[in-house]
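Undergrad: just a sequence and a predicted model for now, questions to come.
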Amino acid sequence: MIEILNPTELTRARESGALVGGILRTLRDRAVAGTNLLDIDRWTREMIAAAGAQSCYVDYAPSFGRGPFGHYICTAVNDAVLHGMPHDYRLADGDLLTLDLAVSLDGIAADSAISFVVGGDRAADAGSRALIEVTERALAAGIAAAGPGARIGDLSHAIGTVLGGAGYPVNTEFGGHGIGSTMHQDPHVANTGRPGRGYRLRPGLLLALEPWVMADTDELVTDADGWTLRSATGCRTAHSEHTVAITDDGAEILTLPR
Ligand code: MG
Ligand code: MG
């Protein structure tokens, strides 16, 4: 099912998006050397509760996971990239951390992910900076391609051109998605594809666009926790995601902090 939001729902989506963006910004500021991933999970739970919102993750139990996720945020370090389950690990300067958060407020979900290096630019190696930069640039390209009348393939092509153009292999097992009253909906937005193909975008559609990349492989392996996906080669990874609303003029990014 593809959901089209009415103006009232879109107003609520802006609030959900700002909440997700605000929580991620706070967590980014707090994630320093010595911070435990379980502290990040606890802070996320507290901020979701304080906003009167609901986690999209804690009870989430899709076919590809092993039972309910049981946590409030995905924390993926270095070679981990998707669905990273928070565990007892203290961050160190130079770690490449991805935080991925989806929250529902007043019945509308928003989903966003950021990657950054703990300790900031002075602690970041060139390879990590390049991975993060390419996912951010691919996300911007996907958003720039989005608007009424554009097709899903146009967005996939824009994202894939940036990732592939930088020399990275593109995995098509996981990508972007429709979002609205639930976190994951049609249409799927692959991170590479052919322009002019697929569903034609309409105002009121919400999409979560999420380019992610691994430095030297397109193959994933799953941790013993049944959730955390890592690069098969142990190489570093990055992931950038925003929820956007298709408007009459283009695409509005909803998951920015206010
Ligand atoms: Mg996400
Ligand atoms: Mg998503």
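TA: Nice, thanks for sending it over. Because the structure is predicted, anything quoted here is derived from the model rather than measured. Ligands and ions are numbered 1, 2, ... in the order given.
Undergrad: hang on, residue 137 in a helix?
TA: Yes - using DSSP: H, G, I helix; E, B strand; the rest coil, the assignment for residue 137 is a helix.
Undergrad: off-centre distance for stretch 40-56?
TA: 17 Å (CA atoms, centre = their mean, to the nearest Å).
Undergrad: give me the residues contacting that stretch.
TA: Contacts with stretch 40-56, where a contact means CB atoms under 8 Å, 6 or more residues apart in numbering, come from 16, 19, 23, 26-27, 30-31, 71-73, 75, 86, 99, 101-105, 109, 111, 183. Where you see a C-beta, it was placed from the backbone N, CA and C, and this is true even at glycine.
Undergrad: same deal with stretch 19-37?
TA: Contacts for stretch 19-37 (CB under 8 Å, 6+ apart): 40, 43-44, 47-48, 51, 53, 73, 75, 77, 86-93, 97, 99, 101-103, 105, 110-112, 114, 116, 118-119, 243, 254-258.
Undergrad: tell me which of the contacts of stretch 40-56 fall in strands.
TA: 75, 99, 101, 102, 103, 104, 105, 109, 111 (DSSP state E).
Undergrad: the residues you listed also near ligand 2: which ones?
TA: Taking CB under 5 Å from the ion as the test, ligand 2 is in contact with residue 111 out of those.
Undergrad: can you redo the ones in strands among the contacts of stretch 40-56 as JSON lines with distance to ligand 1, pLDDT and neighbour count?
TA: Output for the ones in strands among the contacts of stretch 40-56, formatted as JSON lines (distance: CB to the ion, whole Å; pLDDT from 0 to 100; neighbours: other CB atoms under 10 Å):
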{"residue": "75", "distance to ligand 1": "12", "pLDDT": "98", "neighbour count": "26"}
{"residue": "99", "distance to ligand 1": "9", "pLDDT": "98", "neighbour count": "23"}
{"residue": "101", "distance to ligand 1": "7", "pLDDT": "98", "neighbour count": "27"}
{"residue": "102", "distance to ligand 1": "5", "pLDDT": "98", "neighbour count": "26"}
{"residue": "103", "distance to ligand 1": "10", "pLDDT": "98", "neighbour count": "27"}
{"residue": "104", "distance to ligand 1": "13", "pLDDT": "98", "neighbour count": "23"}
{"residue": "105", "distance to ligand 1": "16", "pLDDT": "98", "neighbour count": "20"}
{"residue": "109", "distance to ligand 1": "10", "pLDDT": "98", "neighbour count": "25"}
{"residue": "111", "distance to ligand 1": "4", "pLDDT": "98", "neighbour count": "28"}
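Undergrad: okay, the ones in strands among the contacts of stretch 40-56 in CSV with distance to residue 206 next?
TA: Converted to CSV, the ones in strands among the contacts of stretch 40-56 look like this (distance: CB to CB, whole Å):
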residue, distance to residue 206
75, 25
99, 20
101, 16
102, 12
103, 14
104, 12
105, 13
109, 8
111, 9
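Undergrad: quick check, nearest of the ones in strands among the contacts of stretch 40-56 to ligand 2?
TA: Proximity of the ones in strands among the contacts of stretch 40-56 to ligand 2 (CB to the ion) peaks at residue 111, which lies at 4.1 Å.
Undergrad: and the closest one, how far is that from residue 167?
TA: Distance, residue 111 to residue 167, by CB to CB, to the nearest Å: 28 Å.
Undergrad: same question for residue 93.
TA: 27 Å.
Undergrad: quick check: residue 106 touching residue 16?
TA: Yes - assessed by CB atoms under 8 Å, residue 106 is found in contact with residue 16 at 7.3 Å.
Undergrad: so those two - more neighbours on which side?
TA: Relative neighbour count places residue 16 above the other of residue 106 and residue 16, with 26 against 14, counting by other CB atoms under 10 Å.
Undergrad: list the contacts of that one.
TA: Residue 16 neighbours (CB under 8 Å, 6+ apart): 53, 103, 104, 105, 106, 108, 109, 110, 243, 254.
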